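[1] Requesting a structural model of the entry that follows:
(2 chains)
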Number of protein chains: 2
Amino acid sequence: MIEVVILGTGNVAFHLFKAFSEAENIRVIQVYNHKQESLKYFPNVTATTTNINDLKPAHFYLLALKDDVIPEIAKQLRSYDGIILHTSGAVGLNALEGATNFGVFYPLQTFSKNKAVDFAEIPVCIEANSAENLEKIRSLASGITKDVREIDSEQRKALHVAAVFVNNFSNHLYSIGAEICAENKIDFSILKPLIAETTSKIEILRPQEAQTGPALRNDQKTIETHLAFLSKKHKDIYSLLTQSIQDLHGKKL
Amino acid sequence: MIEVVILGTGNVAFHLFKAFSEAENIRVIQVYNHKQESLKYFPNVTATTTNINDLKPAHFYLLALKDDVIPEIAKQLRSYDGIILHTSGAVGLNALEGATNFGVFYPLQTFSKNKAVDFAEIPVCIEANSAENLEKIRSLASGITKDVREIDSEQRKALHVAAVFVNNFSNHLYSIGAEICAENKIDFSILKPLIAETTSKIEILRPQEAQTGPALRNDQKTIETHLAFLSKKHKDIYSLLTQSIQDLHGKKL
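    Next comes the predicted model:
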């Protein structure tokens, strides 16, 4: 049985707690947060503590914490034998230096408290300070997902940026779509099949191959009609992304 | 049996031909294109012609053509009794004026030749020059989809713009994600579960509610790290979309 202490109670901590709890060979033996209030979900299901000096002996200490507190909390765990892990896309492995055993456990997914996810499909990016620790971290990750990948800190940083584009920014484009619908008394649900198909297409085509639309066709008449229709704030985004599509694909004149 | 003549052989024509052919009560009796070469897929399955003066009598003449040729072709069909339809998001109903019976049949979806779609889920936006024709067009649309909506020309223009944001521009963000992966020797497939979840989330949350990420959190340290990492062309997009997210949601300071 692999024993894990989770530090943090945010969305990543919450979803990892659930996934570990459902795994046969993993047990979360304790959850830490400095605020009692944040632990209120957990007392019925596992031990909790607000005292960083009161952590139980465990195989893994998983820091699902805000990026800027990771180095400081990690420093306080240096005396532990267990492997210290962080779950951040943006923080290097070296933020944990000084500990004996440490690594990274970065699930590449977007988590919201009120939306369940199937962890088995989520890529977990792992990195460690030794080959032996890497294999131990791989065992932990394999307990909750089919997709474990060794990714170094530099690659993870790139992935984190790429994730902002494909997830945060795409979602914002959906928000803009919803705004335009609302302004024109159209039910946003009408766009959902199109959004679903946009994603579905890249299961079988590379995104570059799946590109369509007036920018790709260099259909100036439609582009101008759209720009005339849009408010200032959306016009700038339209222009820049149209330009970017044309730069990537070359204008089809 | 509803009889349809399709004018055009592009992606929309191709997918509508398939959907009509599979419907029980619809038959495509002829396909027109001015180039013989473009008709080569069709001779085995229906009649074809390159002569606009040689169209068969039909209930509907469906113009799945480039926007700028729609008025000119429509003019040549004025003597027909059948309902003249165009399939464009960007062209007004009035482009068909002069005909006796006319309307719009706009399937809100992205079509590629080498990607099958389930037409039953695709919203078809309809509009007509009379209540009677609207009901006839509704019958045609109902033969291939569960989702028929009455949308006027102004709303359809808004939808067309919104579709560019949620489909063309989102897909371009996937391309940027793929570029960043390639530059860092990461398999793009690692981002696919994240992309799928981004879409899946808005089935149950409004896009504004589903927003996450450094822009929403106003996490300046991460934003600066990302900007320093990016090439010029991607940096501008990152900055503008980050600003746009913060404008929509208000900075969380």
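[2] from what I can see A:Lys35 touches A:Thr49, true?
    No: contact criterion C-beta atoms under 8 Å: A:Lys35 and A:Thr49 do not qualify, at 11.6 Å. Glycine gets a C-beta too; all of them are placed from N, C-alpha and C.
[3] Neighbour count: those two, which is higher?
    It is A:Thr49, of A:Lys35 and A:Thr49, that has more neighbours when counted by other C-beta atoms under 10 Å in any protein chain shown, with 18 against 9.
[4] what pLDDT does that one get?
    A:Thr49 carries a pLDDT score of 96 in this model.
[5] Next up, phi/psi of the closest residue to A:Ile151 other than its chain neighbours, please.
    Computed as C-beta to C-beta, 6 or more residues apart in numbering or on different chains, the closest residue to A:Ile151 that is not its neighbour in sequence is A:Cys125, at 3.8 Å. Geometry field for A:Cys125 lists phi and psi as phi -90, psi 120, criterion degrees, to the nearest 10.
[6] give me every residue that touches A:Cys125.
    If a contact means C-beta atoms under 8 Å, 6 or more residues apart in numbering or on different chains, then A:Cys125 has A:104, A:106-108, A:149-151, A:155-156, A:159, B:190 as its contacts.
[7] repeat that with 7 Å
    Applying C-beta atoms under 7 Å, 6 or more residues apart in numbering or on different chains to A:Cys125 gives the contacts A:106, A:108, A:149, A:151, A:156, A:159.
[8] same check, this time on A:Gln76
    Here A:Gln76 is in contact with A:Ile52 (criterion: C-beta under 7 Å, 6+ apart).
[9] For A:Ile52, see how far away it is.
    Between A:Gln76 and A:Ile52 the distance is 5 Å, computed by C-beta to C-beta, to the nearest Å.
[10] cool, and A:Ala210?
    When C-beta to C-beta is the yardstick, A:Ala210 and A:Ile52 sit 48 Å from each other.
[11] can you check A:Gly103 too?
    Between A:Gly103 and A:Ile52 the distance, using C-beta to C-beta, works out to 20 Å.
[12] And for A:Lys18?
    Taking C-beta to C-beta as the measure, A:Lys18 and A:Ile52 are separated by 23 Å.
[13] quick one, which of these two is more surrounded?
    When A:Lys18 and A:Ile52 are compared for neighbours, A:Lys18 comes out ahead with 16 against 13, by other C-beta under 10 Å.
[14] Would you confirm that the more buried one belongs to a strand?
    No: in this structure, A:Lys18 is helix, not part of a strand, as judged by DSSP: H, G, I helix; E, B strand; the rest coil.
[15] Quick one: the helices in the stretch 151-253 of chain A, in order.
    Remark: helices assigned in the stretch 151-253 of chain A by DSSP state H, counting those that start in this stretch are A:153-163, A:170-183, A:192-204, A:207-210, A:214-217, A:220-229, A:232-249.
[16] Single out the most deeply packed of those.
    Greatest average neighbour count among the helices of the stretch 151-253 of chain A goes to helix A:170-183 (a mean of 23), per mean count of other C-beta atoms under 10 Å in any protein chain shown.
[17] by contact count, what packs against that one?
    Judged by 3 or more C-beta pairs under 7 Å, 6 or more residues apart in numbering or on different chains; DSSP states H and E, the packing partners of helix A:170-183 are helix B:153-163, helix B:170-183, helix B:192-204, helix B:207-210, helix B:232-249.
[18] Turn these into TSV, columns for mean pLDDT and distance to B:Ser142.
    Rendered in TSV, the data for the helices and strands packed on helix A:170-183 read as follows (pLDDT from 0 to 100; distance: least, C-beta to C-beta, whole Å):
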stretch	mean pLDDT	distance to B:Ser142
helix B:153-163	97	19
helix B:170-183	98	29
helix B:192-204	94	24
helix B:207-210	94	29
helix B:232-249	96	37
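[19] Quick one: closest of those to A:Asp68.
    Closest approach to A:Asp68 among the helices and strands packed on helix A:170-183 is made by helix B:232-249 (18.7 Å; C-beta to C-beta).
[20] Run through the neighbouring helices and strands of that closest one.
    With contacts defined as 3+ C-beta pairs under 7 Å, 6+ apart, helix B:232-249 has these neighbours: helix A:170-183, helix A:232-249, helix B:214-217, helix B:220-229.
[21] Please identify which of those is closest to B:Ile204.
    helix A:170-183 (13.2 Å).
[22] re the thing from before, who wins for proximity to B:Leu7 among the helices and strands packed on helix B:232-249?
    Using C-beta to C-beta and comparing the helices and strands packed on helix B:232-249, the one that lies nearest B:Leu7 is helix A:232-249, at 28.1 Å.
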